[in-house]
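Visitor: Just a sequence and a predicted model for now, questions to come.
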Amino acid sequence: MVLTITTGSGDCENVLHSTFSSRYVQTSIPRFRLPEHEIPKEAAYQIISDELMLDGNPRLNLASFVTTWMEPECDKLMMQALNKNYIDMDEYPVTTELQDRCVNIIARLFNAPVGEKDQAIGAGTVGSSEAIMLAGLAFKRKWQNKRKAEGKPYDKPNIVTGANVQVCWEKFARYFEVELKDVKLKKNYYVMDPQEAVEMVDENTICVCAILGSTYNGEFEDVKLLNDLLLKKNKKTGWDTPIHVDAASGGFIAPFLYPHLEWDFRLPLVKSINVSGHKYGLVYAGIGWVIWRGKQDLPEELVFHVNYLGADQPTFTLNFSKGASQIIAQYYQLIRLGFEGYKSVMENCQANAKFLAEEIDKIGRFDILSKDIGVPLVAFSLKNRRQHDEYEIADNLRRFGWIVPAYTMAPNAQDVSLLRVVIREDFSRTLAERLIGDLIKVLQYLDSRPPNVVEAVTQALVEKDPALKSVQEPHLKLEDIEAVAEVICQEDPTSQHLRAPEDIKSASVFDQVLNSRKAFKTWKRFALSKTNAIC
Ligand SMILES: *Cc1c(COP(=O)(O)O)cnc(C)c1O
């Protein structure tokens with residue numbers, strides 16, 4: 001099974017043809033089989049670099065928090081270390097030392113209670129996902145050990161999070177067999193409610209995870225309130241449920257922009273924190289960090305000691321080998337920028353986010369869903385989606401080269417769909433101005449299209465079956481909805497889910513259809529076929 005889906009290559013042949021490299025090779029090379037013969041290095045280079053031209057431009061990828069620009073001096077350091085394997089700690093003791101320095105610097109930035117001469121406890125990881133797996137495993141093991149010692153069952157661990165958690169928490173829960181109990185979101189409240197989270201905690205809860213910088217709208221969760229409420233509950237129940245902070249994006253923002261915000265090891269129940277070095281840590285993709293409050297929070301039995309590469313080395317990672325460049329790059333950024341440098345970068349990002357939010361607000365068509373305090377990003381949602389939706393805006397922005405994602409909120413706020421622009425260091429004010437200009441152009445373009453897709457679809461449906469005339473009424477009877485669903489399903493069997501009566505009961509079919517991206521597309525495609533592409 002191939003686990004990735006590529007777009008745009010569906011109908012292609014099973015061979016790769018090349019243009020320039022035909023100077024070196026006459027025959028095509030197979031797409032999915034190892035070629036029989038070697039080809040000249042120039043040809044291999046040309047074939048691949050030509051194909052890669054069709055990838056998006058990383059700098060215009062406003063979907064991602066991950067760093068897309070570093071200084072040439074750092075690029076040089078990374079190139080020099082490309083052939084170093086980080087795990088060979090005995091062979092590359094200096095790289096290992098740089099990693100330890102990073103762990104110590106970041107732990108102190110997060111106010112870990114580490115004495116001036118003491119070593120902080122933490123590890124470099126591939127990203128926050130690996131960091132979260134490790135932190136989660138430590139909580140699970142600690143909880144199990146405690147339950148065992150008390151002679152209590154230890155087979156039903158759970159973790160409490162908001163429904164807005166990043167997918168890696170769901171992975172952790174599934175891979176390591178921990179039940180994920182999520183606090184659902186509400187309309188106009190898109191992060192975990194600490195009160196509800198604490199109510200969900202029971203004796204099997206290994207930890208509560210708070211997010212510093214929700215992936216959906218960048219909002220910081222109230223870790224201090226969570227800490228205070230949980231302290232009370234722990235006191236009452238005799239449990240000692242801890243907190244983990246997923247600071248993947250916020251960990252390198254809060255210390256610089258909001259130094260008085262208490263979210264880190266200043267709060268006694270916070271036992272571990274992860275941060276993505278490759279997000280606002282300002283390093284290219286491939287580095288994250290996990291920091292524990294102290295030695296007592298990382299069960300010793302999870303740490304492996306290996307000696308086959310030289311001297312005894314403790315390791316706590318999921319994989320073994322990986323490149324050393326990212327660690328070196330992280331150390332470069334930390335000493336190159338220092339506190340003041342990081343602060344200026346973050347202030348710049350914040351000012352650009354504020355500018356962009358104000359300009360988008362001025363257009364008058366959007367609600368801004370990101371907050372002033374939080375990750376520098378702008379999340380916004382159409383006030384009126386009857387004419388066009390966020391997905392059409394995202395699709396059309398692509399024509400100008402911008403990659404802006406459209407997506408729906410987490411449960412139970414899935415009826416909110418939004419667009420998100422992440423502001424990174426390399427996103428200048430000039431680019432922000434251009435983006436606004438292009439966004440306005442896209443809106444004008446969409447406005448100039450026939451007025452209402454839904455109307456066109458309805459008309460087409462009615463033409464097909466006059467009995468469906470009632471779809472024009474806002475509230476439909478269940479049979480009508482079934483009938484519409486029937487038509488849609490004939491067109492596209494994958495939208496069968498629309499038939500589920502509990503999905504569609506009591507809401508207008510227009511809203512239902514608009515809320516379902518897949519169904520919306522199907523309606524559109526159907527209408528296109530019926531109306532000679534007028535919509
Ligand atoms: C990005 C992100 C992750 C995953 O981090 P990676 O570094 O991409 O593995 C986890 N949690 C949050 C809140 C994130 O923003």
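Guide: Structure's in. What do you need?
Visitor: lowest-pLDDT helix or strand in the protein?
Guide: helix 501-504 (a mean of 40; mean pLDDT, DSSP states H and E).
Visitor: so what's Ala135 up against?
Guide: Residues in contact with Ala135 (Cβ atoms under 8 Å, 6 or more residues apart in numbering) are His244, Ser272, Asn274, Val290, Trp292. Quick note: C-beta positions are derived from backbone N, CA and C, even for glycine.
Visitor: no no, Lys295
Guide: So Lys295 contacts Ile121 (Cβ under 8 Å, 6+ apart).
Visitor: that older thread, specify which member of the contacts of Ala135 is nearest to the ligand.
Guide: Nearest to the ligand among the contacts of Ala135, counting by Cβ to the nearest ligand atom, is Asn274 at 7.4 Å.
Visitor: what's the pLDDT at the closest residue to the closest one other than its chain neighbours?
Guide: Ranked by Cβ to Cβ, 6 or more residues apart in numbering and with sequence neighbours excluded, the top spatial neighbour of Asn274 is Ala131, at 3.6 Å. Note on Ala131: pLDDT of 98.
Visitor: how about Ala131, what does it touch?
Guide: Ala123, Thr125, Asn274, Val275, Gly288, Trp289, Val290.
Visitor: Check whether Val275 sits in a helix, strand or coil.
Guide: Following DSSP: H, G, I helix; E, B strand; the rest coil, Val275 is assigned to strand.
Visitor: quick one: it from Gly374, how far?
Guide: Distance, Val275 to Gly374, by Cβ to Cβ, to the nearest Å: 15 Å.
Visitor: Show me what from the protein comes close to the ligand.
Guide: Neighbours of the ligand within the chain, by Cβ under 6 Å from any ligand atom: 65, 127-129, 166, 168, 211, 213, 215, 246, 248-249, 276, 288.
Visitor: pLDDT score for the residue of the stretch 251-400 of the chain found nearest the ligand?
Guide: Residue nearest to the ligand within the stretch 251-400 of the chain (Cβ to the nearest ligand atom): Ser276, separated by 3.6 Å. In this model, Ser276 is scored at 98, pLDDT.
Visitor: Give the next helix or strand downstream of the biggest helix by length in the chain.
Guide: In the chain, assigned by DSSP state H, the helix with the most residues is helix 325-363. Beyond helix 325-363 in the direction of the C-terminus, DSSP states H and E gives the next helix or strand as strand 366-368.
Visitor: chain center to that next one: distance?
Guide: Its chain's C-alpha centre and that of strand 366-368 lie 21 Å apart, by Cα atoms, centre = their mean, to the nearest Å.
Visitor: quick one: strands adjacent to that strand?
Guide: Take DSSP bridges as the rule and strand 366-368 pairs in its sheet with strand 377-382 (antiparallel).
Visitor: The partner strand versus helix 325-363: what angle between them?
Guide: For strand 377-382 against helix 325-363, the angle by axes from the mean of the first three to the mean of the last three Cα atoms, to 10 degrees is 40 degrees.
Visitor: Now do strand 377-382: distance to the chain's middle.
Guide: With Cα atoms, centre = their mean, you get 15 Å for strand 377-382.
Visitor: now that we're looking at the nearest residue to Pro153 once chain neighbours are set aside, how far away is the ligand from it?
Guide: Distance criterion Cβ to Cβ, 6+ apart; nearest residue to Pro153, sequence neighbours excluded, is Arg147 at 6.8 Å. Distance of Arg147 to the ligand, given as Cβ to the nearest ligand atom, to the nearest Å: 28 Å.
Visitor: For Arg147, grab phi and psi.
Guide: Here is the backbone geometry of Arg147 (degrees, to the nearest 10): phi -60, psi -40.
Visitor: just checking, it touches Asp155?
Guide: No - the criterion here is Cβ atoms under 8 Å, and Arg147 misses it with Asp155 at 9.1 Å.
Visitor: So which of the two has more stuff around it?
Guide: Arg147 (18 against 8; other Cβ atoms under 10 Å).
Visitor: how does the chain divide up, domain by domain?
Guide: Domains of the chain are assigned by automatic domain parsing as 15-55, 347-448, 453-530.
Visitor: just to revisit the earlier point, so after the strand or helix carrying the residue nearest to Asn274, what's the next helix or strand?
Guide: Assigned by DSSP H and E, Ala131 falls within helix 128-149. Using DSSP H and E, the helix or strand that follows helix 128-149 in sequence is strand 158-162.
Visitor: Run the chain-centre distance for that following strand.
Guide: Going by Cα atoms, centre = their mean, where strand 158-162 is centred and where its chain is centred differ by 18 Å.
Visitor: cool, stretch 107-121 as well?
Guide: That offset, for stretch 107-121, works out to 29 Å (Cα atoms, centre = their mean).
Visitor: tell me which residues of that stretch are tucked away?
Guide: Ala107, Arg108, Leu109, Phe110, Asn111, Ala112, Val114, Ala120, Ile121 (16 or more other Cβ atoms under 10 Å).
Visitor: Going by distance to Asp367, which of those wins?
Guide: Phe110 (33.5 Å; Cβ to Cβ).
Visitor: before we move on, the earlier item: which one of the buried residues of stretch 107-121 sits closest to the ligand?
Guide: Closest approach between the buried residues of stretch 107-121 and the ligand, by Cβ to the nearest ligand atom: Phe110, at 15.5 Å.
Visitor: Thought Lys362 was touching Ile440, still the case?
Guide: No - using Cβ under 8 Å, Ile440 is not in contact with Lys362, being 10.0 Å away.
Visitor: which one of the two has more residues nearby?
Guide: Between Ile440 and Lys362, Ile440 has the larger neighbour count (other Cβ under 10 Å), namely 15 against 11.
Visitor: ok so that one is a helix residue?
Guide: Yes - under three-state DSSP, Ile440 sits within a helix.
Visitor: Give the closest residue to it in space, chain neighbours not counted.
Guide: Ile363 (6.5 Å).
Visitor: do Asp297 as well
Guide: Lys271 (4.5 Å).
Visitor: give the contact list for the one you found.
Guide: Per Cβ under 8 Å, 6+ apart, neighbours of Lys271: Phe139, Cys207, Pro242, Ile243, His244, Trp292, Arg293, Asp297.
Visitor: tell me the SS of it?
Guide: strand.
Visitor: likewise Asp426?
Guide: Following three-state DSSP, we place Asp426 in the coil state.
Visitor: per-residue pLDDT, it?
Guide: At Asp426, the pLDDT value in this model is 92.
Visitor: so it makes contact with Val66?
Guide: No - if you go by Cβ under 8 Å, Asp426 and Val66 don't touch, sitting 11.5 Å apart.
Visitor: Which one's more surrounded, the two?
Guide: Val66 (19 against 14).
Visitor: what sits against the more buried one?
Guide: Ser276, His278, Lys279, Tyr284, Ala285.
Visitor: Tell me the one among the residues you listed nearest to Ile29.
Guide: Nearest to Ile29 among those, with distances taken as Cβ to Cβ, is Ala285, at 28.0 Å.
Visitor: Surely that closest one is within a strand?
Guide: No - counting by three-state DSSP, Ala285 is located in no strand; its state is coil.
Visitor: pretty sure it is touching His278, no?
Guide: Yes - at 4.8 Å, Ala285 counts as touching His278 under the criterion of Cβ under 8 Å.
Visitor: Which one's more surrounded, those two?
Guide: Neighbours around Ala285 and His278, counted as other Cβ under 10 Å, are more numerous at His278. The numbers are 24 against 16.
Visitor: Quickly note the distance from that one to Ser321.
Guide: The value you get for His278 to Ser321, if Cβ to Cβ is used, is 18 Å.
Visitor: try Val378
Guide: 39 Å.
Visitor: Looking at those two, which is more packed in?
Guide: Val378 (30 against 9).
Visitor: got a list of what the more buried one touches?
Guide: Ala353, Leu356, Ala357, Ile360, Ile368, Ser370, Arg420, Val421, Ile423.
Visitor: For the last one, which residues are in contact?
Guide: Spelled out, it's Ile423. Contacts of Ile423 by Cβ under 8 Å, 6+ apart are Cys349, Gln350, Asn352, Ala353, Leu356, Pro376, Leu377, Val378, Ala432.
Visitor: Just give the number of residues close to the fifth one.
Guide: Taking other Cβ under 10 Å as the criterion, the count of residues near Leu356 is 27.
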